[in-house]
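Chemist: Structure for the following, please:
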Amino acid sequence: MEDDKPRLLDQVRQQIRIRNYSIRTEKIYAEWIKRYIRFHSYRHPVEMGAVEVEAFLTHLAVIRNVAAATQNQALAALLFLYKEVLKVELPWLEGVVRAKKPAHLPTVLTREEVARVLAEISGVHGLVASLLYGSGLRLMEALRLRVKDVEFSRGEILVRDGKGQKDRVTMLPRSV
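Modeler: Residues are numbered from 1 along each chain as shown. Reported below is the predicted structural model:
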């Protein structure tokens with residue numbers, strides 16, 4: 001008799017969907033888990049633990065030279081795998097070499113520079129870019145926007161099911 005238990009990545013996807021995580025989170029978590037398994041020569045995660053997680057994350061920082069945010073994303077995926085899917089608590093990962101955060105300040109465009117960039121974008125792309133800049137919408141929020149979510153008389157946009165499945169109201173830029 002074959003084992004009726006779903007495959008590991010199917011279990012991961014199921015747990016992510018139960019928690020209403022975004023489809024992008026689901027895809028990236030599954031990808032990090034695949035990389036982790038591949039890194040350890042296709043051993044099943046249940047056979048591994050903190051030592052293997054530390055080795056993988058250290059490899060990302062030292063050999064692959066990934067950004068701190070990338071390493072944190074991999075860590076989050078692996079913690080989700082062990083805690084929520086495999087129901088295994090990992091001890092605090094002290095031995096991990098952490099990727100260094102960049103020491104430089106982010107580049108911020110001036111209003112004039114933004115105006116020049118937006119002037120070069122037309123059509124639907126220009127509208128989306130203007131909404132992203134002027135209303136603080138996230139990309140997927142802007143792309144999923146519907147006419148009924150825009151209140152022209154009050155200059156408001158209703159964002160439905162935004163990050164964290166929360167609704168919020170933001171301003172509609174006059175220029176749009």
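Chemist: Got the phi and psi for residue 48?
Modeler: phi -120, psi 170 (degrees, to the nearest 10).
Chemist: Quickly note the distance from the residue nearest to it when sequence neighbours are not counted to residue 53.
Modeler: The spatially closest residue to residue 48, leaving aside those adjacent along the chain, is residue 40, at 6.1 Å (Cβ to Cβ, 6 or more residues apart in numbering). From N, CA and C alone the C-beta is placed, and that goes for glycine too. Look at residue 40 and residue 53: by Cβ to Cβ, to the nearest Å, they are 10 Å apart.
Chemist: again, but for residue 171
Modeler: Note on residue 171: its distance to residue 53, by Cβ to Cβ, is 43 Å.
Chemist: Now do the strands in the chain.
Modeler: 150-151, 156-159, 168-171 (DSSP state E).
Chemist: Give me the below-cutoff pLDDT ranges for this protein.
Modeler: Within the chain, the segments meeting pLDDT under 70 span 1-3, 91-99, 101-102.
Chemist: mind running it again at 50?
Modeler: By pLDDT under 50, the low-scoring segments of the chain are 1.
Chemist: how about the helices of it, start to end?
Modeler: Along the chain, counting by DSSP state H, helices occupy 8-18, 23-39, 50-62, 68-80, 111-119, 123-135, 139-143.
Chemist: contacting residues for residue 161?
Modeler: Residue 161 is in contact with residue 167, counting by Cβ atoms under 8 Å, 6 or more residues apart in numbering.
Chemist: Would you mind splitting the protein into its domains for me?
Modeler: 8-85, 111-171 (automatic domain parsing).
Chemist: if you compare those domains, which one is most tucked away?
Modeler: Counting by mean count of other Cβ atoms under 10 Å, domain 8-85 has the highest mean neighbour count of those, with a mean of 16.
Chemist: what about that one, how long is it end to end?
Modeler: End-to-end distance for domain 8-85: 8 Å, by Cα to Cα, to the nearest Å.
Chemist: Take the strands of the chain and write them to JSON lines, including distance to residue 46.
Modeler: Below are the strands of the chain laid out as JSON lines (distance: least, Cβ to Cβ, whole Å):
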{"stretch": "strand 150-151", "distance to residue 46": "49"}
{"stretch": "strand 156-159", "distance to residue 46": "40"}
{"stretch": "strand 168-171", "distance to residue 46": "40"}
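Chemist: and of these, who's closest to residue 111?
Modeler: Proximity to residue 111 (Cβ to Cβ) singles out strand 168-171 among the strands of the chain, at 16.5 Å.
Chemist: Would you list the strands that that closest one pairs with, along with their directions?
Modeler: strand 156-159 (antiparallel) (DSSP bridges).
Chemist: Nearest spatial neighbour of the residue most central in space within the chain, chain-adjacent residues omitted?
Modeler: Against the mean C-alpha coordinate of the chain, by Cα atoms, centre = their mean, the closest residue is residue 25 at 5.1 Å. Excluding the flanking residues, the one nearest residue 25 by Cβ to Cβ, 6+ apart is residue 16, at 6.6 Å.
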